[in-house]
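Peer 1: mind looking at a prediction? Sequence and model below.
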Amino acid sequence: MSGAGVKSRYFALDRYLLRQGTQLPRLHEYLQAAYLPAVMAAGVQTAIVLEGLITSHVPQVTVLTGFGSLEEIADVQAALGANPHFDAAARWQEGGEPFERQERILLETADYSPPITIAEASPAARVFELRVYRSGSAHQFRALHERFAGPEIGIFHRLGIHPILYASTLFGPDVPTLVYLTPFENLAAREKAWDAFREDPEWIRVRKESVEQHGQINSYMQIQLYRSAGYSPVR
């Protein structure tokens, strides 16, 4: 799991919406002791476990699991079903309601998304910002991706914003949507970076040119803040 970066073609985004009480620690125990070891043994190379800080539903845990192909998703599911240790551990769900609701979204990684290097994961929990941008048409969605792949990433990096994942929602609500995930050392670092971005002259020019050429290509956004779980392979 360490060494060279891994670029997964697809990510399953599983969102667990929980109640206050015992559901959160039980879910963390299951993910750490059963789910992650089983999927890693089945060949998954990238996984990220995030606990909601500022989200529409708290408590919440979101898990992103990377796959190289659609076939690999099916293979991993088959391997989990054939794993007696995982099957026994998964019976935690039968000991009372494990969560209020589970949502699953399938993401397809953008060509310009960087590899995720597990070896460079922070030893301490970081803040992760998950942004979802929706476009009003397929044409505007392509223009949104082109803007990110072109000047926007360079501006991000210059100002200390380093997303580790850019993806399109393949199956899920409100398509077409662009999803990207950015770690920050803390909330103060996040605020400093976005304040600089909003005031950056190059970004103001790029955005103006984009609107003049394509209109408002991002019709609305959703922003959610998480902290990485201490046992998450990427944290």
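Peer 2: Ah, there it is.
Peer 1: contacts for the least confident helix or strand in the chain by mean pLDDT, please.
Peer 2: Using mean pLDDT, DSSP states H and E, the weakest-scoring helix or strand in the chain turns out to be helix 84-89, at a mean of 84. Contacting residues not belonging to helix 84-89 are listed as 30, 33-35, 38, 80-81 [CB atoms under 8 Å, 6 or more residues apart in numbering]. Using the backbone N, CA and C atoms, a C-beta is placed for each residue, glycine as well.
Peer 1: now, of these, which are buried?
Peer 2: Buried subset of these (neighbour count, 16 or more other CB atoms under 10 Å): 30, 34-35, 38, 80.
Peer 1: quick one: the residues you listed as TSV, columns for pLDDT, distance to Phe156 and secondary structure too.
Peer 2: As requested, those are exported to TSV (pLDDT from 0 to 100; distance: CB to CB, whole Å; DSSP: H, G, I helix; E, B strand; the rest coil):
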residue	pLDDT	distance to Phe156	secondary structure
Tyr30	91	35	helix
Ala34	92	36	helix
Tyr35	93	32	helix
Ala38	94	35	helix
Leu80	91	36	helix
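Peer 1: turn the residues you listed into JSON lines, columns for distance to Pro183.
Peer 2: Below are the buried ones among the contacts of helix 84-89 laid out as JSON lines (distance: CB to CB, whole Å):
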{"residue": "Tyr30", "distance to Pro183": "24"}
{"residue": "Ala34", "distance to Pro183": "25"}
{"residue": "Tyr35", "distance to Pro183": "22"}
{"residue": "Ala38", "distance to Pro183": "25"}
{"residue": "Leu80", "distance to Pro183": "28"}
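Peer 1: now do the helices in this structure.
Peer 2: Along the chain, the stretches classed as helices by DSSP state H are 23-30, 36-41, 70-81, 84-89, 138-147, 153-158, 187-199, 201-214.
Peer 1: the fifth one to helix 201-214, inter-axis angle?
Peer 2: An angle of 160 degrees separates the directions of helix 138-147 and helix 201-214 when computed by axes from the mean of the first three to the mean of the last three CA atoms, to 10 degrees.
Peer 1: counting contacts, what elements does helix 138-147 pack onto?
Peer 2: With contacts defined as 3 or more CB pairs under 8 Å, 6 or more residues apart in numbering; DSSP states H and E, helix 138-147 has these neighbours: strand 177-184, helix 201-214.
Peer 1: just to revisit the earlier point, so for Ser8, which of the helices of the chain sits nearest?
Peer 2: With CB to CB, the closest approach to Ser8 among these belongs to helix 70-81: 9.0 Å.
Peer 1: domain parsing for the protein?
Peer 2: 10-118, 127-226 (automatic domain parsing).
Peer 1: any idea which of those has the lowest pLDDT on average?
Peer 2: Sorting the domains of the chain by mean pLDDT places domain 10-118 lowest, at a mean of 92.
Peer 1: do you know how far Thr138 is from Glu152?
Peer 2: Let me fix one detail, which is that residue 138 is Ala and not Thr. As for Ala138, its distance to Glu152 is 19 Å (criterion: CB to CB, to the nearest Å).
Peer 1: try Ala41
Peer 2: In terms of CB to CB, Ala41 sits 38 Å off from Glu152.
Peer 1: more crowded one of those two?
Peer 2: Glu152 (19 against 14; other CB atoms under 10 Å).
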